[in-house]
Structures are given as C-alpha cells and as structure tokens.
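Undergrad: Just to be clear, the model below is a prediction. Sequence and coordinates:
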Amino acid sequence: MDKLLIQGGSALSGEVAISGAKNAALPILCASLLTTEPLHLTNVPHLNDISTMLRLLAEMGVGVTMDGVDGLVLNGGGLNNPIASYEMVKTMRASILVLGPLLARCGEARVSLPGGCAIGARPVDQHIKGLQAMGAEVKVEQGYVHAKAARLKGARICTDMVTVTGTENLMMAACLADGETIIENAAREPEVVDLANCLVSMGARISGAGTDVIRIHGVDKLHGATHSIMPDRIETGTYLCAAAATGGDIRLVKTSAAYLDTVVDKLMDAGCEITVERDAIRLVAPQRLKAVSLRTAPYPAFPTDMQAQFMAINCVADGVATIRETIFENRFMHVNELMRLGANIQIEGNNAIVRGVDRLEGATVMATDLRASASLVIAALVAQGETLIDRIYHLDRGYERIEEKLAKLGASVKRVH
Ligand SMILES: CC(=O)N[C@H]1[C@@H](OP(=O)(O)OP(=O)(O)OC[C@H]2O[C@@H](n3ccc(=O)[nH]c3=O)[C@H](O)[C@@H]2O)O[C@H](CO)[C@@H](O)[C@@H]1O
Ligand SMILES: C=C(OP(=O)(O)O)C(=O)O
C-alpha cells in the first residue's frame with residue numbers, strides 16, 4: 001500500500017495548476033447515461049474515483065474513449081445493463097448518482113445502497129422520496145434500490161435537508177420526465193450548477209440552478225454536447241491552506257476564487273494576504289497565523305470538505321479556534337492523527353477546540369478519509385522532521401498527482417511503497 005513520506009519545514013512557493021473538480025466530474029459523467037449521443041468532456045481530473053466511475057459506466061454499456069490529456073468521450077448509445085453492484089458502490093458513494101439517469105432513460109435501475117463510510121452515514125432516503133414523488137415504484141431489498149417507472153412524471157419535491165447528490169440525482173431524472181419538476185430546498189453548490197450547465201448544453205430545460213428552487217421542464221430526449229469541468233474549489237482551498245500553514249507564497253492557476261468566498265475570508269481572517277485574478281489566486285502567508293473558528297454548512301457557507309484542512313492550520317496558529325461540523329457526524333477522524341504530530345485538540349460533541357502550538361513534530365500517521373488525509377499532509381509539511389502518512393489511497397481518490405504538485409511548490413514529498 002502506498003505511503004507518503006514528507007520532510008516538513010519548507011515554506012511552499014511557486015505556481016501550480018488546479019485540476020478539474022472531482023465532485024463536479026462524477027455527476028457529469030453520469031449525465032452521459034441520459035443520451036444515446038456522445039458527451040465530450042474536458043478538464044477531467046485523473047483520480048481513482050473517476051476511473052471507478054468510468055468502469056461502472058462501461059459495465060453498463062457506455063463507451064468510454066480517452067481524448068487527449070484530460071478529455072473523455074462517453075457514448076451512452078450502448079447502455080444495456082442498468083445495474084450498479086455493491087462492489088463498485090462500496091468504494092465510491094457517488095455511484096448512487098447513476099440511479100436517477102438510469103431510471104429516466106431505461107425505465108428501471110438496480111443500484112446498491114452506499115451504506116456508511118468513515119465520515120458518517122450516507123443515507124439516500126431523499127433521493128428515493130423524490131423519485132417516488134415522480135411516480136417511480138421503489139423497493140429497497142438486500143441492500144439494493146430497485147426503481148421502476150415507464151416514464152417519470154414531473155413533481156414538486158421538497159427535500160428534508162439540503163442534499164447535494166440528492167439534488168443532482170433528481171435533477172438528472174427530471175430532465176427526461178413528463179412535465180415540470182420543481183426541487184425546493186435544492187443544494188446551491190457550484191458543482192450542482194456545473195452539472196446543470198452540462199445538462200442544458202445537452203438540451204435539458206433547467207432554470208434556477210445555484211438557487212434553492214430548481215425547475216426542470218422534462219424533454220423527450222437529450223443530445224450530445226461538449227463540456228469543460230469546473231476547477232476543483234476544494235483542491236484549490238487545500239493548496240491555499242498548505243501555503244498558509246507553511247508560511248508560503250503561492251499562485252494557483254486554472255482556478256477561480258468565485259466559489260471560495262468563505263474559505264478566502266477565513267484565510268484573510270487568519271492573516272493571509274490574498275490576491276484574486278480572473279483565473280488565478282495568490283496567497284502570501286503571515287509570519288504566524290491567527291486562529292479562526294468556523295462552522296460547516298451547505299453552500300454558500302463554509303464547506304465540510306475544507307474543515308479538516310482548516311483544523312490543520314489552526315493547529316499551528318496563535319490562539320484558540322472552535323470548529324463545528326454540522327454535515328457529517330464523524331468527520332473528526334483526523335483529530336487523533338493530528339495529535340500524534342503534537343496538536344492540542346479537544347473534541348466536545350460536534351465541536352473541536354483547537355489550541356495552537358508553536359511546533360508540530362513528524363511521526364507515522366494514518367489517513368482515514370479523503371480530506372482527513374489532506375489535513376495530515378498540511379500538518380506534515382509544517383512539522384519538524386519526517387512524517388510517514390499511511391493509507392494514502394484515500395488521497396488518490398480526490399487529489400491529482402499531489403506529490404508532484406507539492407514538489408513543484410518546493411515541498412519534500414516522496415511516494416513510497
Ligand atoms: C450539504 C453538503 O455539505 N453536502 C456535502 C456532502 O455531499 P453528499 O451529496 O455526499 O451528501 P448530501 O449533501 O446528500 O448530505 C448532506 C446531509 O444530508 C443527509 N442526507 C442526505 C441525503 C439523504 O437522502 N438523506 C440524508 O439524511 C446526510 O446524511 C448529510 O448529513 O458530502 C460531499 C463530500 O464530502 C460534499 O462535497 C458536500 O458538500
Ligand atoms: C468525502 C468526499 O467524497 P465522497 O462523497 O465521494 O466520499 C469528499 O469529496 O470530500
């Protein structure tokens with residue numbers, strides 16, 4: 001199993017390009033199920049989750065052709081097997097995103113339930129409730145969701161809470177439904193908007209994406225299109241935190257601060273100087289960071305996917321920060337590992353109280369989930385001496401060529417087997 005060996009202590013500096021967003025690319029790959037014509041995608045990140053999704057789509061009969069460095073052509077013309085097995089879904093929760101498009105296009109789908117994962121339960125009751133409102137017959141048996149509907153019917157759906165994958169699944173299903181679907185309490189995440197933009201270029205009639213009411217007027221069929229995946233705002237935020245923690249000065253290109261307001265604000269509160277350009281962001285870190293408290297919540301509030309990375313920077317900041325996680329019940333798995341590096345953190349329910357220390361020291365730590373791994377990388381870059389991070393397959397799900405990008409910024413990072 002691969003590990004990362006990091007020699008801490010150097011300030012990051014220089015320029016690096018941000019990849020396409022995993023959390024936008026995964027639903028957009030599933031949109032290929034909605035049409036018999038080719039969907040051309042560019043800026044697709046090279047990540048394990050993307051390879052898993054491509055394998056899943058190929059098993060269903062979708063043609064997958066690589067096109068240049070970061071391009072793909074997906075051809076849903078051969079779709080003949082509307083099934084997502086447990087083996088696929090267990091390694092990647094986003095597999096549930098095939099449910100809506102399969103049902104809309106094939107009239108039936110059999111998709112394994114995602115179950116829980118390290119960060120908490122991943123229920124899909126809202127996806128099911130929405131599809132039932134659209135007239136689907138849905139049974140949950142032996143860990144699988146079986147859904148059937150000759151043709152889905154437009155409906156008014158109000159989800160009990162803001163759900164990103166729920167909104168995406170229902171929006172895709174509604175594209176081919178008969179009549180208008182209104183999703184209320186919809187997720188406003190930029191990745192939902194990127195998916196909607198792709199669907200609109202495929203001929204879907206969607207309005208309101210990016211607000212909490214999305215209207216979809218169903219059409220008889222969608223056609224092929226070309227779409228470029230948006231930059232990864234979480235990868236962007238992660239590198240900004242790494243530069244902030246190490247006292248660095250970096251410029252991130254092929255990205256945008258447009259969807260990072262809360263993250264940028266918190267970094268400025270911590271004392272960082274941030275310059276925003278059209279397609280780039282520069283961060284200059286202060287001598288010593290100031291502690292910043294935060295609370296995670298659906299977009300446009302502070303993203304849960306950046307909580308662990310901010311925990312890492314607070315570990316070496318001046319003062320005390322309270323970090324409250326409101327989306328996932330178990331997203332503090334990095335705390336014990338950060339403490340192995342010398343951090344001072346106390347957990348009280350869904351709050352973590354972080355008291356900044358003067359220095360962290362290298363040790364062997366274990367990655368437990370994707371963003372927890374990112375927080376360990378940041379802490380390791382700051383720590384004195386060597387840190388070995390085990391189980392980095394989590395990182396490979398969501399960060400493209402992380403050791404190469406960090407090395408380009410001057411870090412001493414080696415992948416070891
Ligand atoms: C709102 C939010 O921040 N969502 C995050 C969530 O998206 P993801 O789409 O994975 O999760 P959801 O947005 O669906 O879940 C949000 C909350 O609603 C609950 N829920 C969801 C669906 C459902 O049918 N029933 C139910 O109870 C979940 O348990 C969770 O507490 O994890 C992703 C990966 O970390 C992040 O990129 C998203 O930003
Ligand atoms: C936890 C994440 O992904 P997933 O929902 O695919 O597990 C994430 O992107 O931070």
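TA: Received it, and whenever you're ready, just let me know what you need. Ligands and ions are numbered 1, 2, ... in the order given.
Undergrad: helix, strand or coil for Ile353?
TA: Applying DSSP: H, G, I helix; E, B strand; the rest coil to Ile353 yields a three-state assignment of strand.
Undergrad: and it, what is it in contact with?
TA: With contacts taken as Cβ atoms under 8 Å, 6 or more residues apart in numbering, Ile353 has the following neighbours: 320-322, 345-347. Where C-beta positions appear, they are placed from N, C-alpha and C, glycine not excepted.
Undergrad: Most widely separated two among the residues you listed?
TA: Using Cβ to Cβ, these reach their maximum pairwise distance at Val320 and Ile347, which is 14.1 Å.
Undergrad: What is the neighbour count of the closest residue to ligand 2 within the chain?
TA: Relative to ligand 2, the nearest point of the chain is Asp305 (4.2 Å; Cβ to the nearest ligand atom). Asp305 is surrounded by 23 other residues when neighbours are defined as other Cβ atoms under 10 Å.
Undergrad: Then Thr52?
TA: As a burial measure, Thr52 scores 18 neighbours (other Cβ under 10 Å).
Undergrad: Determine the next helix or strand in the C-terminal direction from the lowest-mean-pLDDT helix or strand in the chain.
TA: The helix or strand of the chain with the lowest confidence, counting by mean pLDDT, DSSP states H and E, is helix 86-89 at a mean of 89. On the C-terminal side of helix 86-89, the nearest following helix or strand under DSSP states H and E is helix 99-106.
Undergrad: Point out where the stretch 1-150 of the chain drops to low pLDDT.
TA: Applying pLDDT under 70 to the predicted model, the residue ranges of the stretch 1-150 of the chain that meet it are 116.
Undergrad: and the residue of it found nearest ligand 1, which of the three is it?
TA: Nearest residue of the stretch 1-150 of the chain to ligand 1: Gln126, at 3.2 Å (Cβ to the nearest ligand atom). Per three-state DSSP, the secondary structure class of Gln126 is helix.
Undergrad: Was I right to think it contacts Val162?
TA: No: no contact is recorded between Gln126 and Val162 when judged using Cβ atoms under 8 Å, the distance being 9.7 Å.
Undergrad: So between the two, which is more surrounded?
TA: Gln126 (21 against 18).
Undergrad: is ligand 1 contacted by stretch 37-52?
TA: No: Stretch 37-52 stays out of contact with ligand 1 when judged by Cβ under 6 Å from any ligand atom, the minimum separation being 10.9 Å.
Undergrad: can you give me the offset of that stretch from its chain's centre?
TA: For stretch 37-52, the distance from its own C-alpha centre to the chain's C-alpha centre is 14 Å (Cα atoms, centre = their mean, to the nearest Å).
Undergrad: Pull the contacting residues for Arg324.
TA: 294-296, 350-352.
Undergrad: Which strand residues bridge it?
TA: Beta bridges link Arg324 to Arg295, Asn351 when assigned by DSSP bridges.
Undergrad: got the residues of this protein near ligand 1?
TA: The chain comes close to ligand 1 at residues 23, 121, 123-127, 161-166, 187, 189, 298, 303-305, 327-328, as judged by Cβ under 6 Å from any ligand atom.
Undergrad: check contacts around Thr364.
TA: 340, 387-388, 390.
Undergrad: In strands, which of those residues fall?
TA: Counting by DSSP state E, the part of the contacts of Thr364 found in strands is 387-388, 390.
Undergrad: ok, and the most crowded of those?
TA: Neighbours here are counted as other Cβ under 10 Å. On that basis the top member of the ones in strands among the contacts of Thr364 is Thr387, with 27 neighbours.
Undergrad: Which residue is the nearest non-sequential neighbour of that one?
TA: The shortest distance from Thr387 to any non-neighbouring residue, by Cβ to Cβ, 6 or more residues apart in numbering, is to Ala380 (3.6 Å).
Undergrad: What helices and strands are in contact with the one helix or strand that neighbour maps to?
TA: When secondary structure is defined by DSSP H and E, Ala380 falls within helix 370-382. For helix 370-382, the elements it packs on are strand 3-7, helix 233-245, helix 307-315, helix 334-340, strand 386-390, helix 393-398, helix 402-408, judged by 3 or more Cβ pairs under 8 Å, 6 or more residues apart in numbering; DSSP states H and E.
Undergrad: quick check: mean pLDDT across that helix?
TA: Mean pLDDT, computed over helix 370-382, is 98.
Undergrad: how many degrees apart are that helix and strand 3-7 in direction?
TA: When axes from the mean of the first three to the mean of the last three Cα atoms, to 10 degrees is applied, the directions of helix 370-382 and strand 3-7 differ by 30 degrees.
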